[in-house]
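> let's see this in three dimensions:
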Amino acid sequence: MNTPSLRSALGPEISSYLDRQRALGFKYDYEASILEALDRFLSQHGHTALTANSFAAWALTLERLTPQGRRKKMQIVRRFTLYCRRSTADCFVPDPAQFPSPAAPPAPWILSSQQVLTLLEQAGQLPAPTHSPLCAAVYRMAVVLLYTTGLRRGELVRLRMGDYDRSRHTLLVQGSKFHKSRLVALSGDARRELAAYLRQRLCFPHTAQSPLLAHGRQAQQAYSGNGFGAGFRKLCRNAGVLTASGVAPRVHDLRHTYAVHVLLGCYRDDGRPQAVLPALSRAMGHVSPASTAYYLSWIDPVIEQAVARVERHIRPVLAASGGGSHD
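Prediction:
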């Protein structure tokens with residue numbers, strides 16, 4: 001897919017790079033917009049090549065962004081220059097050490113089971129305005145799905161009516177992260193909640209491609225990720241479900257909560273957490289259990305359960321060997 005609007009000396013290379021990435025299966029729309037903006041800058045300011053000076057001048061146009069936003073765009077350009085270096089050995093490649101420092105990811109907030117119940121109760125009390133009569137039902141169903149399946153926010157809002165298989169009680173999560181699709185099995189509670197929700201949803205016009213979680217007078221519109229996220233945070237504030245710092249949890253915190261609660265249940269049932277991780281990884285759409293472990297590392301409830309299990313195993317051994325407590 002060529003980009004005829006490219007005007008700088010880098011235009012052919014940018015076009016070739018975008019064609020290659022898209023041929024590999026990447027959408028690359030956002031990356032294309034960044035490289036096209038770079039192309040316009042170089043063309044408008046008479047730069048005949050991307051050099052340390054022209055890159056620095058372009059980077060100055062990003063000052064209004066957060067450090068993380070600037071770093072993300074600069075990295076996109078750097079990946080492009082690495083591609084160019086394959087054919088041009090002396091091609092300029094930006095030094096990532098000069099980029100803004102990466103921001104630490106926000107610490108996850110793990111909701112308790114009681115907090116999830118509080119959110120469900122609060123969702124049921126939401127008004128049903130004429131411009132969005134399914135609002136209360138949608139948010140209750142969303143909390144159920146997020147907590148029982150660990151869906152990502154984008155996966156949740158992209159669900160379609162045809163993605164639910166009533167005979168197998170599964171959801172088809174299509175085109176998620178890494179362009180993978182997967183089937184997610186629903187628990188008994190989630191199936192019952194979904195059946196109750198569908199009794200209301202089916203009262204509105206729909207096809208297999210209609211959004212499962214919908215808003216609008218005729219429930220014809222899908223939620224955007226940002227729109228649903230804002231509504232979720234408002235729901236949390238109204239329910240008094242806040243983090244230790246007093247702010248509303250993120251939608252993604254329910255994904256963390258799902259993973260941690262699955263592992264906690266395994267510990268409490270004396271199961272084998274290592275055996276659970278591969279299944280949990282598949283359910284969450286990860287490429288490997290190592291990705292899933294990110295959600296579980298150094299989270300207090302998990303550590304406490306792991307320590308308790310170790311103590312249960314060690315105590316009989318110490319007693320049998322005559323060992324006592326040590327200061």
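> what about this protein, any weak spots by pLDDT?
1-4, 176-179, 269-275, 293-327 (pLDDT under 70).
> so where do the helices sit in it?
11-23, 29-44, 52-60, 67-85, 113-124, 135-149, 153-158, 188-201, 225-239, 251-268, 273-284, 289-293, 300-321 (DSSP state H).
> between those, which one is nearest to residue 107?
helix 251-268 (9.6 Å; Cβ to Cβ). Bear in mind the C-beta positions are built from the backbone N, C-alpha and C, glycine included.
> in terms of secondary structure, what does the closest one contact?
If you count contacts as 3 or more Cβ pairs under 8 Å, 6 or more residues apart in numbering; DSSP states H and E, helix 251-268 packs onto helix 113-124, helix 135-149, helix 153-158, helix 225-239, helix 273-284, helix 300-321.
> now, of the helices of the chain, which is deepest in the fold?
By mean neighbour count, with neighbours taken as mean count of other Cβ atoms under 10 Å, helix 135-149 ranks first of the helices of the chain at a mean of 23.
> TSV for the helices of the chain, including distance to residue 175?
TSV is the format used below for these (distance: least, Cβ to Cβ, whole Å):
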stretch	distance to residue 175
helix 11-23	15
helix 29-44	14
helix 52-60	32
helix 67-85	21
helix 113-124	27
helix 135-149	17
helix 153-158	8
helix 188-201	21
helix 225-239	14
helix 251-268	18
helix 273-284	16
helix 289-293	18
helix 300-321	31
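> tell me which of these sits nearest to residue 217.
helix 135-149 (11.7 Å).
> got the angle for the closest one vs helix 225-239?
Here helix 135-149 runs at an angle of 100 degrees relative to helix 225-239 (axes from the mean of the first three to the mean of the last three Cα atoms, to 10 degrees).
> pull the CA atoms of helix 135-149 into PDB?
Extracted in PDB, the C-alpha atoms of helix 135-149 (Å, rounded to 0.1, in the frame of the first residue of the first chain):
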ATOM      1  CA  CYS A 135     -26.500   1.200  30.500                       C
ATOM      2  CA  ALA A 136     -27.000  -0.600  33.900                       C
ATOM      3  CA  ALA A 137     -27.100  -4.100  32.300                       C
ATOM      4  CA  VAL A 138     -24.000  -3.400  30.200                       C
ATOM      5  CA  TYR A 139     -21.800  -2.300  33.100                       C
ATOM      6  CA  ARG A 140     -22.900  -5.200  35.200                       C
ATOM      7  CA  MET A 141     -22.200  -7.600  32.400                       C
ATOM      8  CA  ALA A 142     -18.900  -6.000  31.700                       C
ATOM      9  CA  VAL A 143     -17.700  -6.300  35.300                       C
ATOM     10  CA  VAL A 144     -18.700 -10.000  35.300                       C
ATOM     11  CA  LEU A 145     -16.800 -10.700  32.100                       C
ATOM     12  CA  LEU A 146     -13.700  -8.700  33.100                       C
ATOM     13  CA  TYR A 147     -13.600 -10.400  36.500                       C
ATOM     14  CA  THR A 148     -14.300 -14.000  35.300                       C
ATOM     15  CA  THR A 149     -12.300 -14.100  32.000                       C
END
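> and it, how far out from the chain's middle?
16 Å (Cα atoms, centre = their mean, to the nearest Å).
> cool, thanks, talk later.
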